[in-house]
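Participant: A structural model of the following input is requested.
(chains A and B, ligands or ions: 2)
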Amino acid sequence: MIWKTTEYAGWGQALKATGEVARPERQSDLLSLPPAPAFGLRRSYGDSALNSAGRVIDMTRLDRLISFDPATGLLEAEGGVRIGDLAARFAPLGWLPAVMPGTGFATIGGCIAQDVHGKNHHNAGSFCQHVTRMTLLQRGELVEVTPGTPAFRATAGGLGQTGVIVSAVVQMVPVKGAAMMVTERRAENWDEHLAYLDASTATHTVGWIDGTARGDSLGRGIVEEAESSSGLVKSHVPVATVPMNAPHFALSKPIVRAFNEVYYRRVPARGRTSVKPVGAFFFPLDKILEWNRLYGRRGFHQFQCVVPLSSAPALRAMLEEIANSGLCSPLAVLKRMGPGRGGYLSFPMEGYTLAIDFPNRDAARALIKRLEGRTAEAGGRLYFAKDSLAEGVAMRAMYPELPEWREEVRRTDPDGHLITDLVRRLGLRSAA
Amino acid sequence: MTDRTWIILGASSAMARATARALAGEGVGLLLAGRDAADLALIAADCKLRGARFAEVMRFDARNAAGFAALIERASAEEGELNAAVFVGSMPAQADIDADPGLIGHVVTDNFRGPAEFLHRLAPLLEARGGGSIVGIGSVAGDRGRLGNYCYGAAKAAFHTYLSGLRNRLGRAGVHVVTVKPGFVDTAMTWGLPGMFLVASPDAVARAILKAVRKRRNVIYAPFFWRWIMLIIRMVPEPIFKKLKI
Ligand SMILES: Cc1cc2nc3c(=O)[nH]c(=O)nc-3n(C[C@H](O)[C@H](O)[C@H](O)COP(=O)(O)OP(=O)(O)OC[C@H]3O[C@@H](n4cnc5c(N)ncnc54)[C@H](O)[C@@H]3O)c2cc1C
Ligand SMILES: NC(=O)c1ccc[n+]([C@@H]2O[C@H](COP(=O)([O-])OP(=O)(O)OC[C@H]3O[C@@H](n4cnc5c(N)ncnc54)[C@H](OP(=O)(O)O)[C@@H]3O)[C@@H](O)[C@H]2O)c1
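Facilitator: Ligands and ions are numbered 1, 2, ... in the order given. As a prediction, this is how the structure comes out:
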């Protein structure tokens, strides 16, 4: 059968949809389908990969590597290829994708449609800045799109609204090998944390933040800096699967507090340097398959904002509110971003980005709402890949190039066949 | 051993693709045979980038035996160990067959007659080389005729019986034959069908297949637990079985 009726969800499991899903096994299957939005591995937390009002196309079986030129590092691959798969295959040959998100279970299509960033954003910019060509399925035709055009800027970070990303050419960068030299050090509080991030000259820099620490320790965490390295390391393979939804107390306050304490103390006060497999550094959470079940049946939300450099004090105030709420989970990340972005709706801006998971509870949803307000006041923006709660008016105001995007999307999908739950919820395509 | 070559029949199937990829990782040469040339070209490119010694597209249509010779000739040009895996198969809905019994001919050709004739023409070459393996994908559906798909099941049963005889013959020349009986696998064949349970990924089946080849197993179920499920199903006495709707 072509269409399978099923319930499916975003990674946070809090938002779900029921509908017909097609999963083409080859390009000719895809070309014979009526227009519908596509999804990859649904690692977006909210509803960007859902369509409760119609059909969707699962792209994960279109996952072939098409060509690679070792002279230029240009790799062409289908939209369903996993980033982690690329890293595993090419790192031993001395190449990595220029930008990789924090999970290897993101597809090339998903990385383009959210214009994802990695731990090297301050140096390398966003994913689409390293894409040299995309082949889209637009209104039943295959269309090639290249950088510097409105079509490209509308597709980069464009939430799949300009067409199905069938394949793309991405620039791989040379690396020393399949290992990373990682230096970790403790940052005792917010000021030290930001100072380390600001001063870092490393290729990859990211901060893990203890969202439960308060008072003098507010903002404490561990700053990781890394460079590519040669050397023999065991490959990074999943070690466990979370077999079922956990009970709701699994990530309750005392447990998170205890976990964070141990996690923080694990790095000695003087810091440490170690060599890790590429996967262990870039995709630490992929070691545990289906970890989203730890949050139980009700699922969870991730709040991620970026604020301009000058709004650091506002971000500190947000963290304070989070820490005082006692709702935070162990997964919290602070990072300094550069200005690089590839499209009209790309998330990055020069500044600091904070990403924190919260269990799906009334109190957490209310907190996220307040954080969203504070983000807007701080001149920042929220990330479509993570959002599931924002208001359309506020969100639209955070993306000043929305009109340019809309114009292009109106041309490529005039009848709105590619609209997803997120686009509908936030009213992104309706002229405001 | 990098001088191994595998002929993959029905290489566009998700199960075949997963197997070809795993073999590519071991550096073997691949002759990817099937009907969808455009798709096979992508699979070949993918396998080459994943380490295959070579990957070439060849035409194979189970309903056109006249085309078999070209593929066998191409394979014979490769030195070293030759192997073949047959993923070809088709499963029209039983209701469609009930409406047009003429479809049974295709079911038999796709699942049994074409693959068997091809393997029969290939067998002397493998015997002459004195090694290599043949993998035939059958199905748990071939273990007992069930209401839902007994024409397909009958063709698979014929293929199982054929493979068992071929194993008997080729074993004498050092060529090993593995019969693979998959349960439900998450491919185009089962996508959206009602009543699916314990569905295995194509990758898991591919791993089981290659392990069976390495260990020179004769008949495997994939995943393994289908052996026990089918044991029970085969033990149900016919007077009771004929009343069941499973
Ligand atoms: C543990 C974890 C860590 C993460 N870390 C980061 C990070 O560091 N940086 C970051 O930027 N993001 C990060 N993310 C978010 C993730 O990278 C993005 O959500 C990414 O889009 C997921 O890719 P996907 O293939 O799962 O896409 P999906 O979630 O399935 O889809 C995302 C969007 O892309 C569209 N889409 C997908 N494929 C296609 C296609 N072929 N054609 C057209 N449209 C398509 C969908 O319609 C949807 O709008 C993380 C997520 C997780 C779970
Ligand atoms: N999926 C399951 O649950 C399951 C369970 C038990 C057994 N099996 C068996 O596993 C094998 C692989 O199937 P699949 O699940 O991967 O489904 P599939 O994608 O439908 O694969 C079937 C393959 O057979 C090919 N084929 C069909 N008729 C052909 C013909 N006349 N000539 C040449 N090739 C032909 C198809 O080629 P085209 O690309 O040209 O169409 C396709 O590549 C089949 O033998 C199937 O019976 C599957």
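Participant: quick one, what contacts residue 132?
Facilitator: Chain wasn't specified; assuming chain A. With contact set as Cβ atoms under 8 Å, 6 or more residues apart in numbering or on different chains, A:Thr132 has these partners: A:74, A:146-147, A:169-171. In short, each C-beta sits where N, CA and C put it, glycine included.
Participant: um, chain B though
Facilitator: B:81-84, B:126, B:175-176.
Participant: got the phi and psi for it?
Facilitator: phi 100, psi 170 (degrees, to the nearest 10).
Participant: measure it to B:Arg216 for me?
Facilitator: 12 Å (Cβ to Cβ, to the nearest Å).
Participant: any shared contact partners between those two?
Facilitator: B:His176.
Participant: chain A contacts on chain B?
Facilitator: Contact residues (Cβ under 8 Å from any Cβ of the partner chain) of chain B with chain A: B:12, B:14, B:36, B:38-39, B:42-43, B:45-46, B:49-50, B:187-188, B:191-193.
Participant: filter those to keep only those in contact with ligand 2.
Facilitator: B:12, B:14, B:36, B:187-188 (Cβ under 6 Å from any ligand atom).
Participant: from those residues, which two are the most distant?
Facilitator: B:Asp36 and B:Thr187 (14.5 Å; Cβ to Cβ).
Participant: near ligand 2, anything from stretch B:134-143?
Facilitator: Yes - Stretch B:134-143 reaches ligand 2 (Cβ under 6 Å from any ligand atom) through B:137, B:139.
Participant: any idea of the mean pLDDT in that stretch?
Facilitator: Summarised as a single mean, pLDDT over stretch B:134-143 is 98.
Participant: straight-line length of that stretch, end to end?
Facilitator: The first and last residues of stretch B:134-143 sit 20 Å apart, counting by Cα to Cα, to the nearest Å.
Participant: now that stretch, how far from the chain's geometric center?
Facilitator: 7 Å (Cα atoms, centre = their mean, to the nearest Å).
Participant: tally up the residues packed near the closest residue to ligand 1 within chain B, please.
Facilitator: Closest approach between chain B and ligand 1, counting by Cβ to the nearest ligand atom: B:Leu42, at 15.3 Å. B:Leu42 has 21 neighbours, counted by other Cβ atoms under 10 Å in any protein chain shown.
Participant: mind giving me the packing neighbours of the host helix or strand of A:Arg396?
Facilitator: Per DSSP states H and E: A:Arg396 is located in helix A:392-397. In terms of contacts (3 or more Cβ pairs under 8 Å, 6 or more residues apart in numbering or on different chains; DSSP states H and E), helix A:392-397 is packed against helix A:362-377.
Participant: one more pass at 10 Å, please.
Facilitator: helix A:362-377, strand A:381-382, helix A:421-425 (3 or more Cβ pairs under 10 Å, 6 or more residues apart in numbering or on different chains; DSSP states H and E).
Participant: tabulate those in a markdown table, adding columns for mean pLDDT.
Facilitator: Output for the helices and strands packed on helix A:392-397, formatted as a markdown table (pLDDT from 0 to 100):
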| stretch | mean pLDDT |
| --- | --- |
| helix A:362-377 | 96 |
| strand A:381-382 | 98 |
| helix A:421-425 | 98 |
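Participant: how far away is A:Asn324 from A:Asn260?
Facilitator: Relative to A:Asn260, and taking Cβ to Cβ, A:Asn324 is found at 15 Å.
Participant: more neighbours, the two?
Facilitator: Higher neighbour count among A:Asn324 and A:Asn260: A:Asn260, with 22 against 12, using other Cβ under 10 Å.
Participant: contacts only, for the residue nearest to the more buried one when sequence neighbours are not counted.
Facilitator: What sits nearest to A:Asn260 in space, not counting adjacent residues and going by Cβ to Cβ, 6 or more residues apart in numbering or on different chains, is A:Asp210, at 4.5 Å. Neighbouring residues of A:Asp210 by Cβ atoms under 10 Å, 6 or more residues apart in numbering or on different chains: A:187, A:193, A:217-222, A:256-257, A:259-261, A:263-264, A:323, A:328, A:330, A:332.
Participant: again, 8 Å this time
Facilitator: By Cβ under 8 Å, 6+ apart, the neighbours of A:Asp210 are A:217, A:220-221, A:260, A:263-264, A:332.
Participant: please see if the helix ranked longest in chain B touches ligand 2.
Facilitator: Counting residues, the longest helix found in chain B (DSSP state H) is helix B:150-171. No - between helix B:150-171 and ligand 2, judged by Cβ under 6 Å from any ligand atom, nothing touches; the nearest distance is 6.8 Å.
Participant: show me what the mean pLDDT comes to for the very next helix or strand once past that helix.
Facilitator: Scanning forward in sequence from helix B:150-171 by DSSP H and E, the next helix or strand is strand B:176-182. Average pLDDT, strand B:176-182: 98.
Participant: which positions in chain B make contact with ligand 2?
Facilitator: B:10, B:12-15, B:34-36, B:60-63, B:87-91, B:110, B:137, B:139, B:182, B:184-185, B:187-190.
Participant: restricted to strands, list these.
Facilitator: B:34, B:137, B:182 (DSSP state E).
Participant: out of the residues you listed, who has the most neighbours?
Facilitator: For these, neighbours tallied by other Cβ under 10 Å; top is B:Ile137, 29 neighbours.
Participant: between B:Asp36 and B:Thr187, who's got more neighbours?
Facilitator: B:Thr187 (23 against 17).
Participant: who are the contact partners of the more buried one?
Facilitator: So B:Thr187 contacts A:25, B:13-15, B:202 (Cβ under 8 Å, 6+ apart).
Participant: next: A:Pro243.
Facilitator: A:Arg293.
Participant: give me phi/psi at it?
Facilitator: Main-chain dihedrals, A:Pro243, degrees, to the nearest 10: phi -70, psi -20.
Participant: pLDDT score for it?
Facilitator: 79.
Participant: for A:Gly160, same thing?
Facilitator: 98.
Participant: give the contact list for the residue of chain B closest to ligand 1.
Facilitator: A:26-27, A:64, A:66, A:78.
Participant: export those residues to a markdown table and tack on secondary structure, distance to A:Ser388 and neighbour count?
Facilitator: Listed next are the contacts of B:Leu42 as a markdown table, based on DSSP: H, G, I helix; E, B strand; the rest coil; distance: Cβ to Cβ, whole Å; neighbours: other Cβ atoms under 10 Å in any protein chain shown:
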| residue | secondary structure | distance to A:Ser388 | neighbour count |
| --- | --- | --- | --- |
| A:Arg26 | coil | 33 | 20 |
| A:Gln27 | helix | 32 | 20 |
| A:Arg64 | coil | 32 | 25 |
| A:Ile66 | strand | 34 | 18 |
| A:Glu78 | strand | 28 | 24 |
